[in-house]
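Chemist: My questions concern the predicted model and sequence given below.
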Amino acid sequence: MPRRIAVVGGGRWARVLVQVLAGLEPFRGSISIHSPRNAASMQAWLLSQGLNEVADVSVAWPDYNARKFDAVIVANAANDHVSAAHAALLSGVPVLVEKPFALTADAAKSLINLATARSTRLAAAHVFRFARYIERFGALVSTSAPLNGMSLEWADPGIEHRYGEQKSYDPGLPIVADLLPHIASILTSIAPGAAISCENAAVSRGGASVVLGLRLGVAPCRVTLARDSTQRIRKIDAFAGKSDFNLDFSVEPGTITTQDSSICGDPDWLTERRPLERLLSAFLTSAVGGLHDERLDAGTGLLACELTDAALRHYRAAQASWLAETASSGYVPLDNDLRYALRELLMLAGGGPAPLEDRLNRLWQDLTGADGPARIAELVDAGTLGLNRGK
């Protein structure tokens with residue numbers, strides 16, 4: 001096991017990672033947390049959890065010249081993933097990158113090429129590749145091949161507590177970019193080797209709800225994503241051969257239902273390691289030269305980025321159409337759906353000095369004016385450009 005691990009990030013997920021790392025057996029090393037924006041809060045959290053003896057906090061990113069690290073885990077803001085991973089790879093330190101692996105396929109390729117040039121381990125953290133209930137479901141579906149079709153529904157409530165903390169999303173990261181890495185890893189686990197492509201997208205609620213038309217090999221796959229929903233939903237329906245299969249893992253480890261039975265998704269859930277523990281253990285083993293687990297392959301991160309790039313093009317076009325249709329009726333006071341769409345695009349295109357609500361109202365007035373259609377196209381283009389540049 002590595003003796004010293006750096007965790008780059010200061011948010012909720014970084015805290016989850018530190019807590020799981022500290023409890024892993026046989027890990028006996030130390031953890032260094034690096035958070036330029038949230039160091040004080042992370043230090044207070046360590047003290048509250050009694051973890052201050054195994055972890056320390058820095059306001060700077062890791063200094064690989066001054067300190068030796070055996071492994072690095074990148075879990076900071078999505079638009080900083082590539083730069084943090086790049087620094088680790090340049091120093092020859094094995095690195096695990098949380099989702100999204102990168103914001104574009106080109107950026108993902110640059111990391112993979114650097115890792116190859118430096119002969120350094122680069123891993124993508126796709127936790128569902130380590131979920132036994134996904135493995136079990138995939139095994140059942142494969143017994144009734146061929147796969148004829150699939151649908152996947154994923155919804156997050158407006159207020160949700162996970163791992164003892166309130167969960168939130170980055171309002172500047174479109175739902176497609178945020179969740180498709182999970183979806184891609186699930187689909188590749190159920191139908192390994194099948195090509196995945198995106199054919200269309202439909203947007204509602206300003207982009208908080210999206211329906212994607214994917215193709216999984218030759219089989220159609222409908223993916224429904226939602227934020228600020230009324231409930232947490234995680235459901236997969238697969239149609240293979242002459243059989244239907246359903247996995248509902250809204251509450252882990254979920255239930256698998258077939259025509260003949262209903263079974264627990266993971267009978268070992270309470271006694272064996274959970275998915276995140278399995279992922280981190282596999283990475284730490286690999287980082288010190290142990291057996292490499294193919295489920296960590298950076299290629300899965302690249303695949304998710306390629307799918308996201310394609311899906312975002314459809315998503316942006318659909319979001320622009322939604323805005324144009326809404327604006328065509330003239331100015332109305334901002335509602336939650338309009339706030340969602342305009343805030344996302346403003347944050348992607350770049351910030352400004354005025355309060356957000358003022359900027360949203362001024363922008364909406366512009367979009368409902370005579371030059372509204374042109375301004376909508378300009379805003380959507382700027383938002384896409386901002387995402388591609390990693391803003």
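Modeler: Structure received.
Chemist: any weak-confidence spans in the stretch 251-391 of the chain?
Modeler: The stretch 251-391 of the chain contains residues with pLDDT under 70 at 349-354, 382-391.
Chemist: Run through the strands of the stretch 51-200 of the chain in chain order.
Modeler: 55-58, 71-74, 95-97, 122-124, 147-157, 160-162, 165-167, 196-204 (DSSP state E, counting those that start in this stretch).
Chemist: Tell me the first helix or strand C-terminal of the last one.
Modeler: On the C-terminal side of strand 196-204, the closest following helix or strand by DSSP states H and E is strand 209-216.
Chemist: What angle do strand 196-204 and that following strand make with each other?
Modeler: Using axes from the mean of the first three to the mean of the last three Cα atoms, to 10 degrees, the inter-axis angle of strand 209-216 relative to strand 196-204 is 160 degrees.
Chemist: avg pLDDT for the helix or strand following strand 209-216?
Modeler: Sequence order places strand 219-229 as the next helix or strand after strand 209-216, per DSSP H and E. Taken as a whole, strand 219-229 carries a mean pLDDT of 97.
Chemist: Quick check: phi and psi at the residue nearest to Phe69 when sequence neighbours are not counted.
Modeler: Excluding its sequence neighbours, the residue lying closest to Phe69 (Cβ to Cβ, 6 or more residues apart in numbering) is Ala6, at 4.8 Å. The C-beta positions use only the backbone N, C-alpha and C, and glycine is treated the same way. As for Ala6, its main-chain torsions (degrees, to the nearest 10) stand at phi -100, psi 130.
Chemist: wait, isn't Ala6 in contact with Ser30?
Modeler: No: taking Cβ atoms under 8 Å as the definition, Ala6 is not a contact partner of Ser30, at 10.0 Å.
Chemist: Name the residues that touch the helix or strand harbouring Leu276?
Modeler: For Leu276, the host element (DSSP H and E) is helix 275-287. The set of residues external to helix 275-287 that reach it, using Cβ atoms under 8 Å, 6 or more residues apart in numbering, is 1-2, 5, 16-17, 20-21, 23-24, 27, 70-71, 73, 94, 96, 121, 123, 125-132, 273, 291-293, 295-296.
Chemist: one more time with 6 Å, if that's ok
Modeler: When contacts are defined by Cβ atoms under 6 Å, 6 or more residues apart in numbering, helix 275-287 is touched by residues 1-2, 20, 71, 94, 96, 121, 123, 127, 130-131, 292-293, 296.
Chemist: Distance from that helix to the middle of the chain?
Modeler: Distance of helix 275-287 from the chain centroid (Cα atoms, centre = their mean, to the nearest Å) equals 18 Å.
Chemist: list the helices and strands whichever helix or strand comes after it packs on?
Modeler: Next helix or strand after helix 275-287 toward the C-terminus (DSSP H and E): helix 298-327. Judged by 3 or more Cβ pairs under 6 Å, 6 or more residues apart in numbering; DSSP states H and E, helix 298-327 is in contact with helix 105-118, strand 122-124, helix 175-190, strand 196-204, helix 372-388.
Chemist: Tell me the gap between the helix or strand just after helix 298-327 and the middle of its chain.
Modeler: Toward the C-terminus, helix 298-327 is succeeded by helix 336-349 as the next helix or strand (DSSP H and E). Averaging C-alpha positions (Cα atoms, centre = their mean) puts helix 336-349 19 Å from its chain's average.
Chemist: Who are the packing partners of helix 336-349?
Modeler: Using 3+ Cβ pairs under 6 Å, 6+ apart, helix 336-349 sits against helix 372-388.
Chemist: quick revisit: just the CA atoms from the helix holding Leu276 would do, formatted as CSV, please.
Modeler: C-alpha atoms of helix 275-287 as CSV (Å, rounded to 0.1, in the frame of the first residue of the first chain):
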residue,chain,number,x,y,z
PRO,A,275,-17.9,-0.1,-4.6
LEU,A,276,-15.9,2.9,-3.6
GLU,A,277,-13.7,0.9,-1.2
ARG,A,278,-13.1,-1.7,-4.0
LEU,A,279,-12.2,1.1,-6.5
LEU,A,280,-9.7,2.8,-4.1
SER,A,281,-8.2,-0.5,-3.0
ALA,A,282,-7.6,-1.5,-6.6
PHE,A,283,-6.0,1.9,-7.4
LEU,A,284,-3.7,1.9,-4.4
THR,A,285,-2.6,-1.7,-5.2
SER,A,286,-1.9,-0.6,-8.8
ALA,A,287,-0.1,2.6,-7.7
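Chemist: What's the separation between Ile175 and Ser229?
Modeler: 11 Å (Cβ to Cβ, to the nearest Å).
Chemist: whoops, I mixed them up, Asp266
Modeler: 25 Å.
Chemist: follow-up on the earlier one: TSV please, covering the helices and strands packed on helix 298-327 and showing distance to Asp337 and mean neighbour count.
Modeler: Output for the helices and strands packed on helix 298-327, formatted as TSV (distance: least, Cβ to Cβ, whole Å; neighbours: other Cβ atoms under 10 Å):
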stretch	distance to Asp337	mean neighbour count
helix 105-118	30	17
strand 122-124	33	27
helix 175-190	13	24
strand 196-204	8	18
helix 372-388	15	17
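Chemist: now those as JSON lines including distance to Arg343?
Modeler: Putting those into JSON lines (distance: least, Cβ to Cβ, whole Å) gives the following:
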{"stretch": "helix 105-118", "distance to Arg343": "24"}
{"stretch": "strand 122-124", "distance to Arg343": "29"}
{"stretch": "helix 175-190", "distance to Arg343": "13"}
{"stretch": "strand 196-204", "distance to Arg343": "15"}
{"stretch": "helix 372-388", "distance to Arg343": "11"}
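Chemist: To Ala66, which of the ones you listed lies closest?
Modeler: Nearest to Ala66 among the helices and strands packed on helix 298-327 is helix 105-118 (19.5 Å), distances taken as Cβ to Cβ.
Chemist: Only C-alpha atoms, please: export that closest one in CSV.
Modeler: The C-alpha trace of helix 105-118 is given here as CSV (Å, rounded to 0.1, in the frame of the first residue of the first chain):
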residue,chain,number,x,y,z
ALA,A,105,-12.1,14.0,-25.4
ASP,A,106,-9.1,16.0,-26.6
ALA,A,107,-8.1,16.9,-23.0
ALA,A,108,-8.6,13.2,-22.0
LYS,A,109,-6.3,12.1,-24.9
SER,A,110,-3.6,14.6,-23.8
LEU,A,111,-3.6,13.1,-20.3
ILE,A,112,-3.4,9.5,-21.7
ASN,A,113,-0.6,10.5,-24.0
LEU,A,114,1.4,12.1,-21.1
ALA,A,115,0.9,9.1,-18.9
THR,A,116,2.2,6.9,-21.7
ALA,A,117,5.2,9.2,-22.3
ARG,A,118,6.0,9.2,-18.6
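Chemist: Many thanks, have a good one.
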